[in-house]
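**Q** how would this look folded up:
(one chain, ligands or ions: 1)
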Amino acid sequence: MPLSHGRPYLAIPGPSVMPDRVLRAMHRAAPNIYTGELVELTHGLIPDLKAIARTDGKVAIYIANGHGAWEAALANVLSPGDTILALATGRFGHGWAEMAAGLGVEVEVMDFGETAPNDLAAVEARLKADSEGRIKAVTSVHVDTSTGILNDIAGLRTALDRAGHGALLMADCIASLACDRFEMDAWGVDVMVAASQKGLMTPPGLGFVFFNDRAAAARQTAGCVTRHWDWTDRSAPELYYQFFNGTAPTHHLYGLREALDMIGEEGIEAVWARHDALARAIWAAVAAWGQGGAMRLNVAEAASRSRAITSVELSDPDGERLRAWCEEKAGVTLGIGLGRTPPDAFFRIGHMGHVNAHMVLGVLGVMDAGLKALGIPHGSGAVEAAARVVADAAA
Ligand SMILES: *Cc1c(COP(=O)(O)O)cnc(C)c1O
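**A** Predicted coordinates for the structure are as follows:
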């Protein structure tokens, strides 16, 4: 008998749960895009986006998903034939590298596998060896959504500085923005990409590229840039109505305005702390299950785990069996083992954005039921361990 009737819960790592407030803000007639409320609203988004990214730099908004933001960021600072160093700790690091290759950029990939973060000593050594300065940019995901790995972006800046290398530091914060602590300026990030549908709690369709003065200088010689992706006009407030090279994404902007208000009301530090506590509750549960079975966290080191998405390895095909059970019997959809081998051994839990303690404890309770229903060996006390983390964090 399915027990799934009721409000379904999409616990995949994007698109994330959309708050009712965001949905309501979008439920309205088409506005005038040339004057009035929408124009004011668009202006107001910029400082709030920059505050969340912790930057005094600029931000360009595109009608695009994360893939579009990836291409926009690369196109504005690179020319065909340039070389970049692309760090990979999962599928998304490779994806950004492939986007660069598609622009005619020479891409050198440093692949650090699927269970540990960037090896910063290896990156530093590679940059030191580039005495001619051929590498124009280093790309890294902050959180790789396929593996749940959290990379140390401040440490990557230190590696570049220690190597005395002038490459641009480019970070993909699509999964991590407003989930894991990120400090663009303090960490010396030159270009950062984000998208609307993860920590920013808005439907997919808005891409963001944040950039500083060094990146703006690189734009002057960038041969890959096209009229559509050019960030110059899009980041100039006086040209606001051309931000989008056409019709503004009207309803997305209303939704984003509401989402940014929600983040502002909670406070970004509190948003990060909430994600931290809820992630630790999930890790505690998985550790307990693993005491009596095959389940384990994909990333062994807690310091290298994302607070937005957790990747879990079970066994083939029990990972997929559990995922399917949770969806069919209990109305909770977990993420697939994207890009992993074998895919059915893995699943992912999205806990980004509009997620609170009852949602996370609900997911964990359902998973516990699924393990029992399917006869998958597991340790006991997982939900109890998670409840303890929640109780302590809330105290
Ligand atoms: C989701 C995601 C992307 C891709 O974003 P799309 O909107 O699906 O194109 C890229 N990088 C990371 C880290 C992501 O989480």
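**Q** tell me the contacts of residue 319?
**A** Applying Cβ atoms under 8 Å, 6 or more residues apart in numbering to residue 319 gives the contacts 312-313, 337, 344-347. Using the backbone N, CA and C atoms, a C-beta is placed for each residue, glycine as well.
**Q** and the ligand, which of the residues you listed reach it?
**A** With Cβ under 6 Å from any ligand atom as the criterion, those include none near the ligand.
**Q** residue contacts, residue 374?
**A** Contacts of residue 374 (Cβ under 8 Å, 6+ apart): 318, 321-322, 325.
**Q** please repeat the previous calculation with a cut-off of 10 Å.
**A** 318, 321-322, 324-325, 329 (Cβ atoms under 10 Å, 6 or more residues apart in numbering).
**Q** before we move on, back to that, by neighbours, which of the contacts of residue 319 wins?
**A** For those, counting by other Cβ atoms under 10 Å, the largest number of neighbours falls to residue 347: 29 neighbours.
**Q** so what's it bridging to?
**A** Using DSSP bridges, the bridge partners assigned to residue 347 are residue 312, residue 336.
**Q** what's the distance between it and the ligand?
**A** 16 Å (Cβ to the nearest ligand atom, to the nearest Å).
**Q** if we can go back for a sec, among the contacts of residue 319, which two are most distant?
**A** Farthest-apart pair in these is 312 and 344; separation 12.5 Å (Cβ to Cβ).
**Q** what touches both of the two?
**A** 319, 322-323, 337.
**Q** circling back: in CSV: the contacts of residue 319, plus distance to residue 63.
**A** Converted to CSV, the contacts of residue 319 look like this (distance: Cβ to Cβ, whole Å):
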residue, distance to residue 63
312, 34
313, 37
337, 31
344, 36
345, 37
346, 32
347, 32
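**Q** which one of the residues you listed is nearest to residue 68?
**A** The closest of those to residue 68 turns out to be residue 337 (Cβ to Cβ; 25.5 Å).
**Q** residue contacts, the closest one?
**A** 146, 298, 311-314, 316, 319-320, 323, 343-348.
**Q** what's the distance between the closest residue to residue 193 other than its chain neighbours and residue 246?
**A** Closest residue to residue 193 apart from its sequence neighbours, by Cβ to Cβ, 6 or more residues apart in numbering: residue 69 at 4.2 Å. To residue 246, residue 69 is 17 Å away according to Cβ to Cβ, to the nearest Å.
**Q** that older thread, from the contacts of residue 374, which ones fall inside helices?
**A** 318, 321-322, 324-325, 329 (DSSP state H).
**Q** got the phi/psi numbers for the one residue in the stretch 201-350 of the chain that gets nearest to the ligand?
**A** Using Cβ to the nearest ligand atom, the closest approach of the stretch 201-350 of the chain to the ligand is made by residue 204 at 5.5 Å. Main-chain dihedrals, residue 204, degrees, to the nearest 10: phi -60, psi 140.
**Q** hang on, it packs against residue 69?
**A** No - applying Cβ atoms under 10 Å, one finds residue 204 not in contact with residue 69, separated by 11.3 Å.
**Q** who has more neighbours, those two?
**A** Using other Cβ under 10 Å, the more surrounded residue of residue 204 and residue 69 is residue 69, with 29 against 16.
**Q** check contacts around that one.
**A** By Cβ under 10 Å, 6+ apart, the neighbours of residue 69 are 60-62, 96, 99, 172-174, 192-196, 206-210, 229.
**Q** tell me, which of those make contact with the ligand?
**A** Restricting the contacts of residue 69 to contacts with the ligand (Cβ under 6 Å from any ligand atom) yields 172, 174, 195.
**Q** my guess is the first one contacts residue 138, does it?
**A** No - contact status for residue 172 versus residue 138: not in contact, 11.8 Å apart, counting by Cβ under 10 Å.
**Q** of the two, who's got more company?
**A** Taking other Cβ under 10 Å, residue 172 and residue 138 do not tie; residue 172 has more neighbours (29 against 26).
**Q** just give me the neighbour total for the closest residue to that one other than its chain neighbours.
**A** Spatial nearest neighbour of residue 172, excluding adjacent residues (Cβ to Cβ, 6+ apart): residue 141 at 4.3 Å. Under the neighbour criterion other Cβ under 10 Å, residue 141 is assigned a count of 33.
**Q** same question for residue 162.
**A** Residues near residue 162, counting by other Cβ under 10 Å: 14.
**Q** in three-state terms, label the residue lying closest to it once chain neighbours are set aside for me.
**A** Spatial nearest neighbour of residue 162, chain neighbours left out: residue 124 (5.4 Å); criterion: Cβ to Cβ, 6+ apart. At residue 124 the chain is in helix, as set by DSSP: H, G, I helix; E, B strand; the rest coil.
**Q** in this structure residue 218 contacts residue 211, no?
**A** Yes - judged on Cβ under 10 Å, residue 218 makes contact with residue 211 at a distance of 8.8 Å.
**Q** picking that back up, out of the contacts of residue 69, which sit inside helices?
**A** Among the contacts of residue 69, the members found in helices (DSSP H) are 96, 99.
**Q** still on that earlier bit, grab the nearest non-local neighbour of the residue of the stretch 201-350 of the chain closest to the ligand.
**A** Among residues not flanking residue 204 along the chain, residue 197 sits closest, at 3.9 Å (Cβ to Cβ, 6+ apart).
**Q** now residue 331
**A** Nearest residue to residue 331, sequence neighbours excluded (Cβ to Cβ, 6+ apart): residue 4, at 3.8 Å.
**Q** what sits against that neighbour?
**A** 326-332, 366.
**Q** if we use 8 Å, what do you get?
**A** Taking Cβ under 8 Å, 6+ apart, one finds 327-331 in contact with residue 4.
**Q** out of the residues you listed, flag the one nearest to residue 268.
**A** Closest to residue 268, out of all of the contacts of residue 4 and judged by Cβ to Cβ, is residue 331, at 31.0 Å.
**Q** neighbours around that closest one, how many?
**A** 18.
**Q** neighbours around residue 388, how many?
**A** 13.
**Q** ok, back up a step: residue 218 and residue 211: which has the busier surroundings?
**A** residue 211 (27 against 20).
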